[in-house]
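1. The following block contains a protein sequence and its predicted model.
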Amino acid sequence: MTSKVPNLWPEDLGAVTADELPVVILREQATMLGERTKNLVEAEVRTDPTTELGRRSIKNRLDRDVATWERSGTSTTFEPEMVHHFVLKAPALSDYRYGLFGVYQPLTIYPVAILFEQQIYLASSKEEFIERLREIFSAETTRKIVSALIAQSAV
C-alpha cells in the first residue's frame, strides 16, 4: 500500500558523525591512556543522565563563573541532559577508581561544560573540546595522580 502523505523528514538527519561526539573522543583518549601507561592506569567513560540537582548545580556554576556564555554570537541556554564521567582506574590496585572530570552535554551535543578540579571549562565545538582535554590531561594535578597510580601499580 502506497502512502498519499509525503515524507516530511529532512534528508540530512543523522548528519553528525561519530567522531564529533564528546563521548567518542573521551573513549578514544581512555584507550590511549592505557596504551601510554602499559595498562598500569586505564580509563573508562561512564555516561549517566543528568539529574535535576546536577543540572541546577552546573547551571549555577556557569552563572557564577561565566557571566555571559555565548555561542556563535547568540545567547545559549545550556540544558545538560547527560554527563560523561572520565574515570581513571588502576587494575593492580584492586581496580581502584578515581573520577578525574565530568563532561556535561546537552542533546544538541555542543556546547559542553567540563567540571575539573572545581573549575568549569567550556567548549563550543569539537576543536575547543579537544583543546580543553589537552589542558586537563597536561595539568599538574592530572600528571601527579597518574604518576602516583603508575608507581603504586608497578610495585
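-> Alright, I've got the coordinates.

2. wait, doesn't L149 sit right on L40?
-> Yes. L149 is within contact range of L40, at 7.1 Å (criterion: CB atoms under 8 Å). Heads up, the C-betas are built off the backbone N, CA and C, glycines and all.

3. Now do the shared contacts for those two.
-> Common neighbours of L149 and L40 (criterion: CB atoms under 8 Å, 6 or more residues apart in numbering): A90.

4. Okay, strands next: where are they in the chain?
-> Per DSSP state E, the chain carries strands over the ranges 42-49, 70-71, 74-75, 82-90, 96-105, 112-116, 119-123.

5. would you list those strands in TSV and tack on distance to T141, mean pLDDT and mean neighbour count?
-> Output for those, formatted as TSV (distance: least, CB to CB, whole Å; pLDDT from 0 to 100; neighbours: other CB atoms under 10 Å):
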stretch	distance to T141	mean pLDDT	mean neighbour count
strand 42-49	15	96	15
strand 70-71	28	43	13
strand 74-75	32	46	7
strand 82-90	12	96	19
strand 96-105	9	96	19
strand 112-116	8	93	21
strand 119-123	11	89	17
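
6. For T31, which of those strands is the nearest?
-> With CB to CB as the criterion, T31 lies closest to strand 42-49 of the strands of the chain, at 8.1 Å.
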